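J.: any chance you could fold what I've pasted below:
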Amino acid sequence: MIRKLVLLLVGSTIACASPQPVPSQSAGAMSQSATIRLQEVAQGLAAPVFLTSPAGDRRLFIVEKPGRIRIIENGQLLPTPFLDITDRVGSTGSEQGLLGLAFHPSYARNGFLFVNYTDKAGDTQIERYRVTADRNSADAASAKRLLSIDQPFANHNGGMVDFGPDGMLYIGMGDGGSRGDPQGHGQNMNSLLGKLLRIDVDRGEPYGIPRGNPFVGRTGVRAEIWASGLRNPWRFSFDRAANQLYVADVGQNTSEEINVVPATTAGVNYGWNRMEASHCFGTEPCDRTGLHVSQYEYPRAGGCSVTGGYVYRGRQIPALVGHYFYADYCQPGIRSMRFTTAGVMNERRWDLPGAAQVASFGQDSDGEMYVLSLGGKVYRIVPG
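T.: Alright, predicted model coming up:
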């Protein structure tokens, strides 16, 4: 994340145009006149880092970094955790802990949920659990380990897991940590670190390699890899309405970056550690052949760790439908913009009380959006 989460603590390749922000010249009256506010929905949580809901489910599921998943139902935070794996989760300092949660697209039928956490050795574990007969309780004993990835350092663990529009499970992995990717994982195609992975959890044991993964059958290349060259993709998301993938990658020296590609585009190399956003890293000039250039970046003087969010597709704020929301952990407020074929439009910063130490965004089953503060509060974005 969130670099160190500070206190307690994103084949074929493409190169995209418009690496720099496009000034919001034609901002659009509706979006610019829209107002929003943050409505508190929970407080007193232990380092909340993610929120999601199963399809068609009105409950909110909140990931607490120490190793618990909590439920908000009918506006109330339930006292008993949905899942408690604090005995498996190791340190919650730096960028470690329980970091991600995804419900199977057929959760209502099979009861499967998937988590991403770092264990007592500091290594990444991707596990599947099953809900019990009590809809508000998952069975901690039902754990099935899908993937275990050694972590050489405590930071840059990634943490996001999400099902794509294709029904496959995507896993965001950082480069393994320290500074500058000293072990070269980002460009090492035999390493799962510094990558976006794509696996089939419905076929194979413990998982299958999906058809369409770009490196299947290549010697010395891991078949799970969907994309490479990432530093720390703390949060990525799919905009299913536009069939696009948004990857926010935390920077190091110069830039925080947001990348947007078609969700079906395989084999993208996001450039790290040959590049940091659109800049050469380490040596100038550098070989940019086959590297994706980020559509949006901002200097680290304006923040320290990008918190990727979502494209808003809810109903409560029609003027902001299609706008991508994100934040920076070290700067108060949240930000939004639209990515179009003409470039980045409608850039806006929202200085909202409560939007500090933004660790993550979340979405409910209606597409409404939430903001999570590492200080322990969760807010819903509502019309102002």
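J.: start to end distance for stretch 50-66?
T.: For stretch 50-66, the separation between the terminal residues is 12 Å (CA to CA, to the nearest Å).
J.: ok, the closest residue to residue 252 other than its chain neighbours - how many residues close by?
T.: The spatially closest residue to residue 252, leaving aside those adjacent along the chain, is residue 276, at 5.9 Å (CB to CB, 6 or more residues apart in numbering). C-betas here are computed from N, CA, C, even on glycine. When counting by other CB atoms under 10 Å, one arrives at 24 neighbours for residue 276.
J.: distance of residue 276 from residue 196?
T.: 17 Å (CB to CB, to the nearest Å).
J.: which residues in this protein form helices?
T.: Using DSSP state H, the helices of the chain run over 29-33, 107-110.
J.: for the last one, output the C-alpha coordinates as CSV.
T.: Output for helix 107-110, consisting of C-alpha atoms alone and laid out as CSV, is shown next (Å, rounded to 0.1, in the frame of the first residue of the first chain):
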residue,chain,number,x,y,z
TYR,A,107,-21.4,-17.0,-3.6
ALA,A,108,-25.2,-17.2,-3.1
ARG,A,109,-25.0,-20.8,-4.4
ASN,A,110,-21.6,-22.1,-3.2
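J.: per-residue pLDDT, the residue nearest to residue 252?
T.: In this model, residue 276 is scored at 97, pLDDT.
J.: and for the residue nearest to residue 128 when sequence neighbours are not counted, the neighbour number?
T.: Leaving aside its chain neighbours, residue 128 sits nearest to residue 144 (4.5 Å; criterion: CB to CB, 6+ apart). Residues near residue 144, counting by other CB under 10 Å, number 15.
J.: wait, what's in contact with residue 144?
T.: If you count contacts by CB atoms under 8 Å, 6 or more residues apart in numbering, residue 144 has them with 127-129, 206.
J.: hmm, try it at 10 Å
T.: By CB atoms under 10 Å, 6 or more residues apart in numbering, the residues touching residue 144 are 112, 114, 126-130, 201, 205-207.
J.: are any of these buried, and which?
T.: Using 16 or more other CB atoms under 10 Å as the burial test, these include 112, 114, 126-130, 201, 207 as buried.
J.: would you list those in CSV and tack on distance to residue 151 and pLDDT?
T.: Listed next are the buried ones among the contacts of residue 144 as CSV, based on distance: CB to CB, whole Å; pLDDT from 0 to 100:
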residue, distance to residue 151, pLDDT
112, 25, 98
114, 19, 99
126, 13, 98
127, 16, 98
128, 20, 98
129, 22, 98
130, 26, 98
201, 22, 98
207, 20, 98
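J.: how near is residue 332 to residue 349?
T.: 10 Å.
J.: cool, residue 340 as well?
T.: Distance of residue 340 to residue 349, computed by CB to CB: 19 Å.
J.: any idea how far residue 104 is from residue 111?
T.: Residue 111 sits 8 Å away from residue 104, going by CB to CB.
J.: identify the contacts common to the two.
T.: Residues within reach of residue 111 and of residue 104 at once, by CB under 10 Å, 6+ apart, are 54, 130.
J.: okay, now the nearest residue to residue 137 once chain neighbours are set aside: neighbour count?
T.: The shortest distance from residue 137 to any non-neighbouring residue, by CB to CB, 6+ apart, is to residue 82 (6.4 Å). Number of residues near residue 82 (other CB under 10 Å) recorded here: 22.
J.: which ones are touching residue 82?
T.: If you count contacts by CB under 10 Å, 6+ apart, residue 82 has them with 59, 61-62, 68-71, 101, 113, 129, 131-132, 134-138.
J.: of the residues you listed, select the buried ones using a ChimeraX command.
T.: Command for ChimeraX, covering only those of these found buried under the criterion 16+ other CB under 10 Å:
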select :59,61,62,68,69,70,71,101,113,129,131,137,138
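J.: quick one, what contacts the nearest residue to residue 349 once chain neighbours are set aside?
T.: Of all residues not flanking residue 349 in the chain, residue 335 sits nearest, at 5.1 Å (CB to CB, 6+ apart). Taking CB under 10 Å, 6+ apart, we find residue 335 in contact with 298, 303, 306-307, 309, 323-328, 347-350, 355, 358.
J.: and residue 335, what's its pLDDT?
T.: We have a pLDDT of 97 for residue 335.
J.: show me what it bridges to in the sheet.
T.: Beta bridges link residue 335 to residue 326, residue 349, judged by DSSP bridges.
J.: lowest mean pLDDT among the helices and strands of this structure, which one is it?
T.: Lowest mean confidence among the helices and strands of the chain (mean pLDDT, DSSP states H and E): helix 29-33, at a mean of 69.
J.: quick one: contacts for residue 41?
T.: Shown in contact with residue 41 (CB under 10 Å, 6+ apart): 51, 60, 62, 72, 75-77, 370-371, 377-380, 382.
J.: pick the one among those closest to residue 222.
T.: residue 51 (30.5 Å; CB to CB).
J.: so the closest one sits against residue 235, correct?
T.: No - contact criterion CB atoms under 10 Å: residue 51 and residue 235 do not qualify, at 11.6 Å.
J.: who has more neighbours out of these two?
T.: residue 235 (31 against 25).
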